[in-house]
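Need a 3D model of the following:
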Amino acid sequence: MTTVRLVDIAGVIRSKNAGPFELTLDIMVGDPAWYQRLRQSEVLSPARIAALYGIAESDVLSIVAFDPASAIKITLKRPLASGAVGDADVYGAQQHAPLLRLSFEVLDD
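Numbers count the residues shown, from 1 in each chain. Prediction:
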């Protein structure tokens with residue numbers, strides 16, 4: 001088994017608003033083989049994402065894989081509406097940071 005960091009296989013890891021009450025996390029993997037390994041792992045399960053972000057699993061609204069682009073889109077409920085008093089990231093542009101420390105195990109070839 002080998003530990004693989006998401007930052008080492010993904011060409012793009014980003015976040016943005018998906019309306020005032022939701023955030024979208026995008027993961028785009030350049031190599032289709034690594035994308036399939038990521039998809040088949042449990043690293044992007046609702047439970048794992050909820051734990052990573054310190055939120056309820058019910059706040060992970062969707063995890064959608066788009067095979068033609070080797071991309072995965074995760075939608076989360078925002079803790080506060082975009083621009084509300086106390087919101088520290090009105091554009092949702094810095095919310096991908098927890099994904100940068102994510103890793104998962106793969107079988108050696």
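
The spatially most central residue of the chain: what's its closest spatial neighbour, skipping adjacent residues?
Compute the mean C-alpha point of the chain, and by Cα atoms, centre = their mean the closest residue is Leu25, 4.7 Å away. With sequence-adjacent residues excluded and distances taken as Cβ to Cβ, 6 or more residues apart in numbering, Leu25 is closest to Ile74, at 4.2 Å. The C-beta positions use only the backbone N, C-alpha and C, and glycine is treated the same way.

starting at the chain centroid, how far to the helix or strand containing that neighbour?
According to DSSP states H and E, Ile74 maps onto strand 71-77. Here strand 71-77 is found 6 Å from its chain centre; the criterion is Cα atoms, centre = their mean, to the nearest Å.

Mind listing what's buried along it?
71-76 (16 or more other Cβ atoms under 10 Å).

The spatially closest residue to Ser45 that is not a sequence neighbour: what's it in contact with?
Excluding the flanking residues, the one nearest Ser45 by Cβ to Cβ, 6+ apart is Ile63, at 7.7 Å. Listed by Cβ atoms under 8 Å, 6 or more residues apart in numbering, the contact partners of Ile63 are 44-46, 49, 72-75.

Within its sheet, name the partner strands of the host helix or strand of Ile63 and how each one runs.
In the assignment (DSSP H and E), Ile63 maps to strand 60-66. Paired with strand 60-66 in the same sheet, following DSSP bridges, are strand 71-77 (antiparallel).

For the following helix or strand past the strand it pairs with, name the packing helices and strands.
Downstream of strand 71-77, the first helix or strand assigned by DSSP H and E is strand 103-106. When contacts are defined as 3 or more Cβ pairs under 8 Å, 6 or more residues apart in numbering; DSSP states H and E, strand 103-106 sits against strand 2-5.

Who does the strand it packs on pair with, and is each partner parallel or antiparallel?
Here, using DSSP bridges, strand 2-5 pairs with strand 103-106 (antiparallel).
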